[in-house]
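Q: compute the structure for the input listed below.
(one chain, ligands or ions: 1)
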Amino acid sequence: MKSKGTVYLVGAGPGDAGLLTLRGAELLKRADVVIYDALANPELLRLAPATAEFISRGKNMAMPQAEITATIIAKAKAGKTVVRLKGGDPYIFGRGAEEADALAAEKIPFEIVPGVSSITAVPNYAGIPLTHREHCSSFTVFTGHSDSADAATALRYDQIAKIPGTKVVLMGTEQLADWTKALITNGMSPQTPIAIVHRGTTGRQKTIAGTLATIAALAANEKIVPPALTIIGDVVKLRGKLNWFENRPLFGQRIVVTRRSEQAGTFAQRLTELGADVLEVPTIKITMPTEKDAIVDCLLELNSYDWLVFTSANGVTAFFDIFFRRFQDLRDLGGARIAAVGPATTAKLRELHLQVDLMPEEYTGKKIAAAFKKYQHIDNVKMCLLRAEVATPDLPEALQELGAIVDDIAIYKTVPETEDATGAGERLLEAGADWVTFTSSSTVEHFHTRFDLPKLVKKFPQLKIASIGPETSKAIFALGLRPTLEAKTHTTEGLIAALLKAAKT
Ligand code: SAH
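A: Here you go, the predicted model:
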């Protein structure tokens with residue numbers, strides 16, 4: 001009989017992907033099966049191997065608890081390493097204990113990995129410390145979704161109302177009017193400060209503050225829906241001073257990142273750190289180019305080139321993937337000088353301990369050729385361009401005009417990404433966004449193939465387009481649209497600077 005797999009009940013944290021524990025990340029990396037709830041941030045799924053099986057519980061917990069438990073048990077019995085990813089901490093109001101009970105009964109080995117609970121994290125991100133020496137020395141947590149038919153677990157509002165200190169209420173949205181009224185009836189001041197936070201710790205966080213008497217009406221007005229957490233007590237007033245998260249410059253803006261996920265990392269993370277609600281919708285992935293003979297010829301002749309020219313980090317990665325499949329030794333690269341367009345391309349080469357001899361600052365063919373000319377006479381100089389299959393002819397033409405002998409090698413091809421593993425694409429189609437960012441003409445084209453950009457702009461008139469530079473803008477104009485902004489410096493940093501500037505005006 002196959003030995004049983006271990007089940008890890010892992011706390012996914014409250015929403016911000018950065019709040020997963022190290023242990024949780026480690027386990028996700030070796031999961032065979034990941035079973036996750038809607039509350040767990042789907043971005044975390046990227047940590048698991050692409051070959052893992054992903055099982056979603058669905059919206060509003062579409063899959064019943066019994067079925068979830070049965071699935072966990074069946075997968076473990078089949079010898080799989082199962083990560084059961086649950087929002088916040090797995091044991092807090094999440095039925096984690098029931099799942100653990102079932103595993104214990106089946107004698108399936110399990111481990112519970114605590115998570116950062118919304119209880120502490122969500123107030124924090126709303127600028128509210130749960131305790132403060134000047135305000136309280138305790139806090140109480142309860143659910144606002146009580147089943148009062150069960151006397152043993154029913155909430156006693158008469159007692160809760162009397163406890164001093166901060167109160168935190170989970171699952172309190174639907175019956176907000178009832179339980180706030182019950183607390184007042186049982187003696188709490190109607191003036192007690194209270195805040196309700198929807199989707200805390202994420203770019204979608206929304207906070208409403210009021211008093212115990214007014215909050216139900218305010219929340220109804222603002223259409224606050226679950227998941228939301230409520231904080232009651234004087235500490236709510238500290239929000240004015242301590243609201244570090246909601247005061248971030250891009251807070252409240254939903255920004256679509258269309259780069260490949262391997263590349264999107266730092267760009268998406270920077271935007272998130274600036275407070276944006278980032279939707280990562282990678283539109284392209286990289287594969288081998290159609291024409292392979294030219295690459296083989298180029299590898300045989302590497303020694304004959306005076307320059308190897310890389311115009312993107314993708315080009316560097318693709319070239320060295322192929323190079324190291326053929327050669328064991330970096331010295332087989334030969335003695336050519338290396339040119340890299342832009343800092344990201346340069347950084348990728350430096351990872352291989354290769355120094356860049358020339359880094360043209362500007363990205364157009366003419367400007368790059370001018371940088372070469374400034375460096376040396378390029379008449380009869382032999383250059384190897386290692387670029388994407390569909391790159392524009394501007395650069396080789398400009399170099400040839402100056403007398404260079406140019407081999408333009410397609411080292412990789414971009415193809416459309418069609419999977420929507422995290423559901424970000426679906427969210428975009430449902431809810432729109434404030435910005436969609438494009439970092440190359442191919443991201444524009446592939447995004448358009450998948451989402452029909454003009455149609456999307458029509459459906460969501462607030463959607464603005466941000467372009468990294470003129471080549472990318474050209475692709476946007478070609479669709480009959482215009483970018484709302486174009487970065488002055490044609491890097492992701494430049495694009496971020498432009499978005500920040502737009503946010504200020
Ligand atoms: N185990 C989870 C709680 C599960 S119960 C934890 O430890 O956080 C689900 C409730 O948690 C929601 O109804 C809401 O009250 C609260 N909650 C969880 N994540 C939240 C978030 N990001 N923002 C606001 N409330 C959240």
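Q: stretch 29-41: how far from the chain's middle?
A: For stretch 29-41, the gap between its own C-alpha mean and the chain's C-alpha mean amounts to 16 Å (C-alpha atoms, centre = their mean, to the nearest Å).
Q: that one near the ligand at all?
A: Yes - using C-beta under 6 Å from any ligand atom, stretch 29-41 reaches the ligand at Leu39. Using the backbone N, CA and C atoms, a C-beta is placed for each residue, glycine as well.
Q: what lies in contact with that stretch?
A: The contact list for stretch 29-41 (C-beta atoms under 8 Å, 6 or more residues apart in numbering) reads 5, 8, 12-13, 15-17, 28, 42, 44-45, 47-49, 52-61, 68, 71-72, 75, 80-88, 94, 202, 227.
Q: buried ones in it?
A: Neighbour-count burial for stretch 29-41, counted by 16 or more other C-beta atoms under 10 Å, picks out Ala31, Asp32, Val33, Val34, Ile35, Tyr36, Asp37, Leu39, Ala40, Asn41.
Q: residue in the stretch 251-400 of the chain nearest to the ligand?
A: Proximity to the ligand, evaluated over the stretch 251-400 of the chain using C-beta to the nearest ligand atom, is greatest for Asp277 at 12.5 Å.
Q: typo on my end, the chain
A: Here the residue of the chain nearest the ligand is Gly88; by C-beta to the nearest ligand atom that distance is 1.9 Å.
Q: the bottom helix or strand of the protein by mean pLDDT?
A: helix 261-273 (a mean of 80; mean pLDDT, DSSP states H and E).
Q: how about the CA coordinates for the next helix or strand after that one, as CSV?
A: Next helix or strand after helix 261-273 toward the C-terminus (DSSP states H and E): strand 277-280. The C-alpha trace of strand 277-280 is given here as CSV (Å, rounded to 0.1, in the frame of the first residue of the first chain):
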residue,chain,number,x,y,z
ASP,A,277,-3.8,47.0,-6.1
VAL,A,278,-1.8,45.1,-8.7
LEU,A,279,-3.4,42.7,-11.1
GLU,A,280,-0.7,40.5,-12.7
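Q: wait, what's in contact with the closest residue in space to the residue of the stretch 251-400 of the chain closest to the ligand that isn't next to it in sequence?
A: The shortest distance from Asp277 to any non-neighbouring residue, by C-beta to C-beta, 6 or more residues apart in numbering, is to Gly203 (2.4 Å). By C-beta under 8 Å, 6+ apart, the contact list for Gly203 reads Phe251, Gln253, Arg254, Thr272, Gly275, Ala276, Asp277, Val278.
Q: Ile73 now?
A: Going by C-beta under 8 Å, 6+ apart, Ile73 touches Ala102, Leu103, Glu106, Ile108.
Q: of those, buried ones?
A: So, by 16+ other C-beta under 10 Å, the buried ones in these are Ala102, Leu103, Ile108.
Q: now the residues you listed in JSON lines, with secondary structure?
A: Converted to JSON lines, these look like this (DSSP: H, G, I helix; E, B strand; the rest coil):
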{"residue": "Ala102", "secondary structure": "helix"}
{"residue": "Leu103", "secondary structure": "helix"}
{"residue": "Ile108", "secondary structure": "coil"}
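Q: and Leu218, how many neighbours does it have?
A: Leu218 has 16 neighbours, counted by other C-beta atoms under 10 Å.
Q: typo on my end, Asp420
A: 16.
Q: which secondary structure element is home to the closest residue to it other than its chain neighbours?
A: Counting by C-beta to C-beta, 6+ apart, Glu426 is the residue found nearest to Asp420 once chain neighbours are left out, at 6.0 Å. Glu426 is part of helix 424-431 when elements are defined by DSSP H and E.
Q: so what touches that helix?
A: Residues contacting helix 424-431 (C-beta under 8 Å, 6+ apart): Pro42, Arg254, Val256, Leu279, Glu280, Val281, Asp420, Arg450, Phe451, Leu456.
Q: try it again at 10 Å.
A: Contacts of helix 424-431 with the rest of the structure, by C-beta atoms under 10 Å, 6 or more residues apart in numbering, involve 42-43, 204, 254, 256-257, 277-283, 417-420, 423, 433, 436, 447, 450-451, 456, 459-460, 463.
Q: model confidence over that helix, on average?
A: Averaging pLDDT along helix 424-431 yields 93.
Q: which parts of it are buried?
A: In helix 424-431, counting by 16+ other C-beta under 10 Å, buried: Ala424, Gly425, Arg427, Leu428.
Q: Throw the residues you listed into CSV and include distance to the ligand, thanks.
A: What follows is those, written out as CSV (distance: C-beta to the nearest ligand atom, whole Å):
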residue, distance to the ligand
Ala424, 17
Gly425, 22
Arg427, 16
Leu428, 20
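Q: and the furthest pair within those residues?
A: Across the buried residues of helix 424-431, the longest distance by C-beta to C-beta is 7.3 Å; it joins Gly425 and Arg427.
Q: on the three-state scheme, Gln159 is what?
A: Gln159 is classified as helix under three-state DSSP.
Q: doesn't Met188 make contact with it?
A: No - contact criterion C-beta atoms under 10 Å: Gln159 and Met188 do not qualify, at 11.9 Å.
Q: wait, what's in contact with the residue lying closest to Ile378 once chain neighbours are set aside?
A: Excluding the flanking residues, the one nearest Ile378 by C-beta to C-beta, 6+ apart is Ala404, at 4.5 Å. Applying C-beta under 10 Å, 6+ apart to Ala404 gives the contacts 306-307, 309, 369, 372-373, 377-383, 385, 396, 398.
Q: near Ile163, how many other residues are there?
A: Ile163 - counted by other C-beta under 10 Å - has 13 other residues nearby.
Q: what is the burial count for the residue of the stretch 251-400 of the chain closest to the ligand?
A: 21.
Q: now do His132
A: Residues within reach of His132, counting by other C-beta under 10 Å, total 16.
Q: same deal with Gly494?
A: 15.
Q: contacting residues around it?
A: Ile468, Gly469, Glu486, Ala487, Lys488.
Q: how near is Met383 to Leu402?
A: Remark: distance between Met383 and Leu402 (C-beta to C-beta, to the nearest Å) = 10 Å.
Q: Gln159 and Met188: which is more packed in?
A: When Gln159 and Met188 are compared for neighbours, Met188 comes out ahead with 21 against 10, by other C-beta under 10 Å.
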